[in-house]
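*Asks:* compute the structure for the input listed below.
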Amino acid sequence: MSSSTVISTFPAGFLWGAATAAYQIEGAVREDGRTPSIWDTFSHTPGKVLGGDTGDVAVDHYHRWRDDVRLMADLGLSAYRFSVSWSRVQPTGRGPAVQRGLDFYRALVDELLAHGIRPMVTLYHWDLPQELEDAFPSGSAAGGGWPERDTAHRFAEYAGIVAGALGDRVDMWTTLNEPWCSAFLGYGSGVHAPGRTDPAAALRAAHHLNLAHGLGAQALRGVLPGRARIGVSLNPSAVRPLTPSAADQDARRRIDALANRVFTGPMLHGAYDDDLLADTARVTDWAFVRDGDLRAVHQPLDFLGINYYSPAVVSAVEADGSAGNGRPRPDGHGASDHSPWPGADEHVLFHRAPGELTAMDWPVDPTGLKDLLLEYTAQAPGVPLYVTENGAAYDDRPGPGGQVHDPERIRYLHGHLAAVHEAIAAGADVRGYYLWSLLDNFEWAYGYSKRFGAVHVDYATQARTPKSSAHWYAKVAASGELPREHGMG
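*Replies:* Residues are numbered from 1 along each chain as shown. Predicted coordinates:
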């Protein structure tokens with residue numbers, strides 16, 4: 001590209017990647033010793049997933065992984081973030097590993113490295129072994145899973161197993177992906193697996209996910225070589241008040257506490273903020289936080305992953321109790337009669353941010369990504385940042401010639417990559433960008449109705465077709481330069 005057509009040049013060594021998650025792409029749910037996860041159970045429960053879709057086959061990555069890695073190489077990706085299926089590796093969530101499961105990931109990593117693609121392993125992307133959800137170590141009648149403290153210890157054991165198998169090949173590790181969704185959508189609103197609707201359990205789950213991160217990081221460091229880098233991928237919300245009023249500012253504070261600081265407080269600063277504890281006091285007394293927990297959670301981070309899709313706009317509930325637009329989740333993870341915001345649901349309304357919408361009805365606003373990158377540069381000075389997820393769903397369909405043109409996604413990616421570069425220019429140490437997602441796939445409670453992939457998948461034949469956005473992204477990755485205009489050029 002000539003200098004007149006380039007808006008920005010990214011730093012040398014910047015990683016250009018894509019990301020996926022095990023349950024969304026692998027399929028093969030009953031092969032080689034794998035047992036059900038909570039998402040297997042949830043997706044097979046009538047009424048939980050749109051159209052009754054499941055991840056039983058997904059996009060068959062378990063059998064097509066060599067072709068998928070070749071596809072990544074053809075697109076010039078320098079990095080790939082994938083998650084490990086816990087129940088494929090450790091079917092009961094405890095005890096010895098299944099070597100056939102580990103062998104799949106060993107072979108995948110070897111293939112990535114052979115093509116010059118740097119792997120990043122995410123240990124947990126929402127697919128808890130069902131046996132851990134069914135286990136009640138403390139005698140709770142409500143159920144096990146993340147509200148149970150023992151699950152954090154089981155996660156640390158699992159982390160050590162995977163590190164022992166892949167640590168000689170993989171140098172970038174993420175403990176958890178979006179623990180907010182695991183805790184508050186899984187145990188609060190119930191729109192994600194395991195589908196429970198208990199606000200106190202959601203807060204217990206949040207703490208035990210924090211503890212799992214800390215214990216898992218310790219387990220990784222006990223096994224991995226010194227060159228390994230350990231982080232976590234959060235989905236912090238860029239929360240904005242509807243108006244400058246004190247009441248709306250307080251609404252923003254409440255959601256910031258529950259969306260962001262419930263995790264960044266312990267992970268980055270070693271404490272839960274007093275306002276979070278006060279806001280949720282009517283839900284729980286936080287007695288599940290034991291001596292030493294916060295020290296365990298507050299582990300040094302080698303990097304911090306930021307996942308971003310759209311901002312949240314909030315206001316205070318009016319005196320007459322009038323409602324906003326009825327969305328239970330600022331980025332729209334499904335409707336529920338139950339709130340994912342314990343301690344805030346009676347005080348806060350969500351409003352749709354202005355601007356263009358994706359097929360998820362999520363507003364397109366790249367400024368939120370820039371704001372978050374600068375905010376966490378300030379909160380975690382010296383900790384490198386990666387955008388570990390960013391992307392959009394659109395109604396992509398093949399044309400008469402079989403090609404898939406998605407100019408909306410190109411425009412989306414262009415805007416958000418420009419925001420990343422602006423953050424770098426303003427002092428953020430951002431070292432990589434992972435597009436969500438490599439492939440169209442099982443989109444959780446939306447089943448196969450939403451397509452986030454840069455590569456189109458025909459679910460009937462499993463044929464892969466790179467969309468226009470994939471070719472555009474490949475050009476940017478190859479040059480490290482973002483064109484001034486978002487067209488293919």
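*Asks:* list the buried residues for the helix or strand harbouring residue 160?
*Replies:* Using DSSP states H and E, residue 160 sits within helix 149-166. By neighbour count on 16 or more other Cβ atoms under 10 Å, the buried set for helix 149-166 is 149-163, 165-166. In this view, the C-beta of every residue, glycine as well, is placed from N, C-alpha and C.
*Asks:* after that helix comes which helix or strand?
*Replies:* Going down the chain from helix 149-166, the next helix or strand is strand 172-177, by DSSP H and E.
*Asks:* elements contacting the helix or strand following that following strand?
*Replies:* Note on strand 172-177: by DSSP H and E, the next helix or strand toward the C-terminus is helix 179-180. Secondary-structure packing of helix 179-180 (3 or more Cβ pairs under 8 Å, 6 or more residues apart in numbering; DSSP states H and E): helix 199-223, strand 229-234, helix 262-264.
*Asks:* other residues contacting stretch 358-367?
*Replies:* Residues from elsewhere that reach stretch 358-367, judged by Cβ atoms under 8 Å, 6 or more residues apart in numbering: 238, 309-311, 331-332, 352-357, 392-395, 408, 412, 415-416, 418-419, 446, 450-451.
*Asks:* in helices, which of those residues fall?
*Replies:* Among the contacts of stretch 358-367, the residues falling in helices (DSSP state H) are 408, 412, 415, 416, 418, 419.
*Asks:* pull the contacting residues for residue 265.
*Replies:* Contacts of residue 265 by Cβ under 8 Å, 6+ apart are 271, 272, 273, 276.
*Asks:* per-residue confidence for it?
*Replies:* In this model, residue 265 is scored at 98, pLDDT.
*Asks:* one more: the one 10 residues further on?
*Replies:* Model confidence at residue 275, given as pLDDT, is 98.
*Asks:* tell me the secondary structure at residue 82.
*Replies:* Secondary structure, DSSP: H, G, I helix; E, B strand; the rest coil: residue 82 is strand.
*Asks:* could you report the separation of the closest residue in space to it that isn't next to it in sequence from residue 199?
*Replies:* Nearest residue to residue 82, sequence neighbours excluded (Cβ to Cβ, 6 or more residues apart in numbering): residue 20, at 5.3 Å. The gap separating residue 20 from residue 199 is 31 Å, by Cβ to Cβ, to the nearest Å.
*Asks:* and these two? which has more neighbours close in?
*Replies:* When residue 20 and residue 199 are compared for neighbours, residue 20 comes out ahead with 26 against 22, by other Cβ atoms under 10 Å.
*Asks:* hmm, residue 441 and that one touching each other?
*Replies:* Yes: counting by Cβ atoms under 8 Å, residue 20 touches residue 441, with 7.0 Å between them.
*Asks:* list the contacts of residue 9.
*Replies:* Here residue 9 is in contact with 480, 481, 482 (criterion: Cβ under 8 Å, 6+ apart).
*Asks:* can you count the residues close to the closest residue in space to the first one that isn't next to it in sequence?
*Replies:* With Cβ to Cβ, 6+ apart as the criterion, residue 480 has its nearest non-adjacent residue at 4.8 Å, and that residue is residue 10. When neighbours are counted by other Cβ under 10 Å, residue 10 registers 22.
*Asks:* pLDDT score assigned to residue 10?
*Replies:* Here, the pLDDT recorded for residue 10 equals 98.
*Asks:* how far away is it from residue 424?
*Replies:* Distance from residue 10 to residue 424, by Cβ to Cβ: 7 Å.
*Asks:* what's the closest non-adjacent residue to residue 158?
*Replies:* Counting by Cβ to Cβ, 6+ apart, the residue nearest residue 158 is residue 90, at 5.2 Å.
*Asks:* the one you found contacts residue 102, doesn't it?
*Replies:* No: at 9.5 Å, residue 90 does not count as touching residue 102 under the criterion of Cβ under 8 Å.
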